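Colleague: Prediction below, plus the sequence it came from.
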Amino acid sequence: MGGDFVHALKLILTADADVWKVAGVSLQVSLTALALATVVALPLGYIISSSQSRMAGIATWLIHTATAFPTVVVGLSFYFLLSQSGPLGWMNLLYTRTAMTIGQFVLAIPIVTAVCLVALNRLGPEYRETTRALGLRGTAAMRVLLAEVRPAIVSGMLIAFSRVFTELGAAIILGGNIRGSTRTLTTVIALEYDRGDNARAIALGLILVGIALTVNALAHRGVRERS
Amino acid sequence: MSAQTPAPVLSTRGLAVGYADRAVCTVPDLRLAPGTIWLVTGSNGTGKTTLLKTLAGLLAPIAGSITPAPRPGPGGSVFVHSVPVLFRGSLRHNLALGSHGGSDDLRETAAAFGLADRLDQPARELSHGLRQRAALARAVLARPQLLLLDEPEGGLDEAALATWREFAAQTAREQRFTLVVAAHRPAGLEGLPIGQIALGTNN
């Protein structure tokens, strides 16, 4: 095992183009999914937090529950939808990066929504009263109140990124681990482990952790500078 | 309509204010003429803030009626909290939020409240007194018909109190809007022609 680790470090230092290509696919799929999920999650969180109806309570419960959906269940659900015999089979999306992005998008939405919702609910009522008193309605009020909880939104996005970037279930079921196309860091780690190439699996795992750490550090620095 | 009795900015009949089914107080019938100043008095918990929020259209009345129905926002009723909320971003961003006028109007109003050099500062970094002034400037920029201030003189130092007194006196002179102020004492309104709305507890 110790030998595997040393070998892994050597592999990182001499990483071939294939490894960086795989890392690039991982980043592209996860960042696209996160960006799209944020566009949906922020208005969703705002609408739920603004609602006085009983549905808001049910929606909050559903969102919190959805944060714990197993990635493999989301992967399987979309597999059945996108497979040739499924209702969306005609779109020919199965085993593409788009399919993986859809899976990760669905995994990220509840996390960003839940964190945004909690942060908005913790703002005192005077924040909303002030937007109303100044005549801010609809998207104008939403922009002002979401800006108030920006650090929380960034945290939510980071948690969601960590979840989708490191998930395996949806990526392998919806992407199919096709070399040069849908192979990501997690799917290739699983493959190398199956093959018994522990050093390569560890090397890729370390690269994965390194990228996750870098993204977190950059985001935290961005929040500190802007607040 | 005769010239002597202009239509009131707002009048109430049998008004009770409160939250959900809990009435906080009943309010004597009001008739607020344009350009007048009113002081809402009463000890803690008598419903001064609740009345102001109801007149501003932020809370629905428990009973009775307000005519015309309050319309929160620019050109209508603007309520300012006793500890005003300034949002993330510069003072300029905050002043522009409810503003109807252009950037000249914003600069002039900021100058009138002694805030001209601070427009690009983060609003959250201003002192308590400056934040009170900023909230007042923001409310004035919304060109309200009815301006409702909850304890605007609370926690102000002498310099800020002087600005507030000057603002109140100017409001009385120019009669640009109807001003309703909730306070324990008439701080800053002494010597001005003001009407009084006295609240007592209901329970």
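Modeller: Noted; the coordinates are in hand. Numbers count the residues shown, from 1 in each chain, chains lettered A, B, ... in the order given.

Colleague: quick check: longest helix of chain A.
Modeller: Identified as the longest helix of chain A according to DSSP state H is helix A:17-50.

Colleague: how distant is the helix of greatest length in chain B from the center of its chain?
Modeller: Counting by DSSP H, the longest helix found in chain B is helix B:158-174. When distances are taken as Cα atoms, centre = their mean, to the nearest Å, helix B:158-174 is centred 13 Å away from the chain's centroid.

Colleague: Buried residues in the longest helix of chain A, which are they?
Modeller: Residues A:19, A:22-23, A:25-27, A:29-34, A:36-38, A:41-42, A:44-46, A:48-49 are the ones in helix A:17-50 that count as buried (16 or more other Cβ atoms under 10 Å in any protein chain shown). Just so you know, the C-beta spots here come from the backbone N, C-alpha and C atoms, and that holds for glycine as well.

Colleague: and the helix or strand that that helix is followed by, what's its mean pLDDT?
Modeller: Following helix A:17-50 in sequence order, the next helix or strand is helix A:54-66 (DSSP states H and E). Mean pLDDT, computed over helix A:54-66, is 94.

Colleague: swap in stretch B:107-121?
Modeller: Across stretch B:107-121, pLDDT averages out at 93.

Colleague: Quick check: end-to-end length of that stretch?
Modeller: Using Cα to Cα, to the nearest Å, the end-to-end distance of stretch B:107-121 comes to 14 Å.

Colleague: which other residues reach the next helix or strand after the longest helix of chain B?
Modeller: Remark: after helix B:158-174, the chain's next helix or strand is strand B:178-182, criterion DSSP H and E. Strand B:178-182 has contacts (Cβ atoms under 8 Å, 6 or more residues apart in numbering or on different chains) with B:9-10, B:32-40, B:48-49, B:51-52, B:55, B:145-152, B:168, B:171, B:189, B:197.

Colleague: How about stretch B:145-157?
Modeller: Contacts for stretch B:145-157 (Cβ under 8 Å, 6+ apart): B:9-10, B:32, B:34, B:48-49, B:52-53, B:55-56, B:70, B:75-83, B:128-129, B:132, B:136, B:139-140, B:161, B:164, B:177-184, B:187-188.

Colleague: from chain A, which residue is nearest to chain B?
Modeller: Proximity of chain A to chain B (Cβ to the nearest Cβ) peaks at A:Gly135, 2.1 Å away.

Colleague: Over to that residue. Which of the three states is it?
Modeller: coil (DSSP: H, G, I helix; E, B strand; the rest coil).

Colleague: excluding its backbone neighbours, what's nearest it?
Modeller: B:Gly73 (2.1 Å; Cβ to Cβ, 6 or more residues apart in numbering or on different chains).

Colleague: who touches the one you found in this structure?
Modeller: Neighbour list for B:Gly73: A:Arg132, A:Ala133, A:Leu134, A:Gly135, A:Leu136, B:Gly98, B:Ala142 [criterion: Cβ under 8 Å, 6+ apart].

Colleague: pretty sure the fifth one contacts B:Leu97?
Modeller: Read that as A:Leu136. Yes: shown here, A:Leu136 and B:Leu97 form a contact pair, counting by Cβ atoms under 8 Å, at 6.5 Å.
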